[in-house]
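Asks: Predicted model and sequence below, questions to follow.
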Amino acid sequence: MGDYGSAAEWYGRSTARAAPPARARVLLAAGRAPEALALLDTLARRRVGEGDWAPLLDDVAHSAGPDTASQTLDRLLAREGRHLPAGAQGRLLLADGDRLFAAGRAPAAGARYAQVVRLVPDSLEGQQARVRGVRVFATQADSVADLVGLRARLGKLVQTTPTADARALETLFRHVLDAEDVQEGGQFRTAELVRDSLMAPHLAGRLFVGFAQAHPASPFAPKALVAALGLLPTARDSLVAALDAGYSTSPYTLALRGADSPAFAAAEDFLARSLGVEREVLPEPTLLVRVAPPVPGRRGPTLDPPSEAAAGGPPALPLPSGAARPRPGQRDDEPLRRPRPVGRPAASPRDSL
C-alpha cells in the first residue's frame with residue numbers, strides 16, 4: 001500500500017528467513033539508505049543466497065548509485081565469499097559490471113569484468129565477461145585502427161564461444177568498419193553509429209570533425225561540428241570558432257545559439273532522406289461520411305408488388321414459364337414450385353434442397 005515505514009516495522013518483527021532482505025528493500029524504497037546499508041552489512045554475516053543479493057544490489061544501485069552497490073558487493077564477498085559458489089560470485093560481479101557500464105563508468109566496469117575472468121575463466125560468465133571487456137575497450141577507442149585490433153580480438157572469442165553478445169558486437173564492428181558507402185551520408189551515418197551504438201564518444205567526435213573537414217560545403221557539416229561539441233569538450237573553443245566563421249547562418253548554428261531557426265526542421269528532414277531514414281507515415285484524415293437518419297417503420301422490401309395503377313410504373317414481371325401461380329391466400333414470396341416430371345417419385349426431405 002506504499003506505507004514503507006509500517007512495512008519495515010512488520011518485517012523487523014518477523015523471524016522468517018526472507019524478512020531481513022525484504023526489510024532492506026523496503027528501507028531503500030523509503031529513501032532510508034543509511035539504515036538499509038547498515039542492515040545489509042549485518043546480512044553479509046549470514047547465509048543469504050544469490051537470489052536474495054541480486055535484487056538487493058539492484059535496489060542499492062537504484063537508490064544510492066552504482067558505486068555504493070559495488071562497495072556493498074565487495075563487503076559481501078569479503079565476509080560471505082567462502083559460502084557463495086564461484087559461479088554465483090561471477091554472476092554478481094558480472095551484473096555489477098553491467099550496472100557500472102550503463103552508468104558511464106567504463107573503466108570500473110572493465111575492472112569488474114576482468115575480475116570475473118580471473119574468478120571463473122572457463123565458465124559462461126567468464127566468456128561473457130571477455131566479450132564485454134572488448135566492448136569496454138571499444139568505448140575508449142581513439143582511432144579506427146583501435147577498432148580493427150579489437151575486432152580481431154573479438155573474432156577469436158567468437159570462434160571459441162559464439163555467444164549472442166559476441167555475435168551482436170561482431171555485427172556492430174562490421175557495420176562500422178566495413179561500410180562501403182563513402183559518400184557524405186555514409187560517413188555521417190558511421191559517426192552516429194560510433195556515438196550511439198558503439199558508445200565511443202572520443203572517436204565519434206573525431207569522425208564528426210573529420211566529416212566537416214572533408215565536406216565543408218555539405219549542409220551537414222555544421223551539424224557534425226555541433227555534434228562534436230558534446231563529445232570533445234577540450235576542443236569546444238575551436239569548434240565554436242569554426243561554426244562562427246563558416247556557418248554563422250546555418251540552421252544548426254542558429255539553434256545552438258538559441259536563436260529563431262525556421263529552417264531547422266527542413267534541414268533535419270533533408271538529412272533523414274539523405275541517410276535513408278523513413279519518415280513516419282501519418283494516417284490520412286478520415287473523411288466525414290454523412291448518412292440519412294433512421295426512419296421508423298417496416299424494414300426490408302415490400303412483399304406485395306405494387307399494382308400498375310397504384311405505382312404508376314410498368315407491370316410486374318411475369319412468372320417463369322411453368323411456375324405455378326399463387327393460390328388464393330398463398331404468399332407470393334414463397335419459393336416457386338415447379339411441376340414434377342411424370343414418372344419421377346416425390347423428392348425425399350434430403351433431396352428437397
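Replies: All right, it came through fine. Owing to the predicted nature of the structure, the values given are computational and were not obtained by experimental measurement.
Asks: Outline the domain layout of this protein.
Replies: 1-84, 205-276 (automatic domain parsing).
Asks: Now do the same for Arg17: helix, strand or coil?
Replies: coil (DSSP: H, G, I helix; E, B strand; the rest coil).
Asks: Got the phi and psi for it?
Replies: Dihedral angles of Arg17 (phi, psi; degrees, to the nearest 10) stand at phi -70, psi -30.
Asks: Likewise for the one 5 residues further on?
Replies: Reported as degrees, to the nearest 10, the phi and psi values for Ala22 are phi -70, psi -40.
Asks: what about the nearest residue to it once chain neighbours are set aside, how many residues close to it?
Replies: Leaving out its chain neighbours, the residue that sits closest to Ala22 by Cβ to Cβ, 6 or more residues apart in numbering is Tyr11, at 5.2 Å. (Each C-beta comes from the backbone N, C-alpha and C, glycine too.) Neighbourhood size, Tyr11 [other Cβ atoms under 10 Å]: 19.
Asks: quick one, what contacts Tyr11?
Replies: By Cβ atoms under 8 Å, 6 or more residues apart in numbering, Tyr11 lies in contact with 19-20, 22-23, 26.
Asks: any idea how far Tyr115 lies from Leu37?
Replies: For the record, residue 115 is Gln, not Tyr. Per Cβ to Cβ, to the nearest Å, Gln115 is found 22 Å from Leu37.
Asks: Over to Val240?
Replies: Computed as Cβ to Cβ, the Val240 to Leu37 distance reads 44 Å.
Asks: ok, the two, which is more surrounded?
Replies: Leu37 (19 against 16).
Asks: so how far is Val117 from the more buried one?
Replies: 29 Å.
Asks: where does the stretch 151-300 of the chain dip in pLDDT?
Replies: Applying pLDDT under 70 to the stretch 151-300 of the chain picks out residues 179-185, 259-300.
Asks: Spatially, what comes nearest to Gly31 if we skip its sequence neighbours?
Replies: Ser63 (7.2 Å).
Asks: Could you export stretch 78-95 as CSV, CA atoms only?
Replies: The C-alpha trace of stretch 78-95 is given here as CSV (Å, rounded to 0.1, in the frame of the first residue of the first chain):
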residue,chain,number,x,y,z
ALA,A,78,34.8,-10.3,1.8
ARG,A,79,32.6,-11.7,4.5
GLU,A,80,30.4,-14.3,2.7
GLY,A,81,32.5,-15.2,-0.3
ARG,A,82,33.6,-18.5,1.1
HIS,A,83,29.9,-19.6,1.4
LEU,A,84,28.9,-18.4,-2.1
PRO,A,85,29.8,-20.7,-5.1
ALA,A,86,32.3,-19.3,-7.6
GLY,A,87,29.5,-19.2,-10.3
ALA,A,88,27.2,-17.2,-8.1
GLN,A,89,30.1,-14.7,-7.3
GLY,A,90,30.8,-14.4,-11.0
ARG,A,91,27.2,-13.6,-11.8
LEU,A,92,27.0,-11.0,-9.1
LEU,A,93,30.2,-9.4,-10.3
LEU,A,94,29.1,-9.5,-14.0
ALA,A,95,25.8,-7.8,-13.1
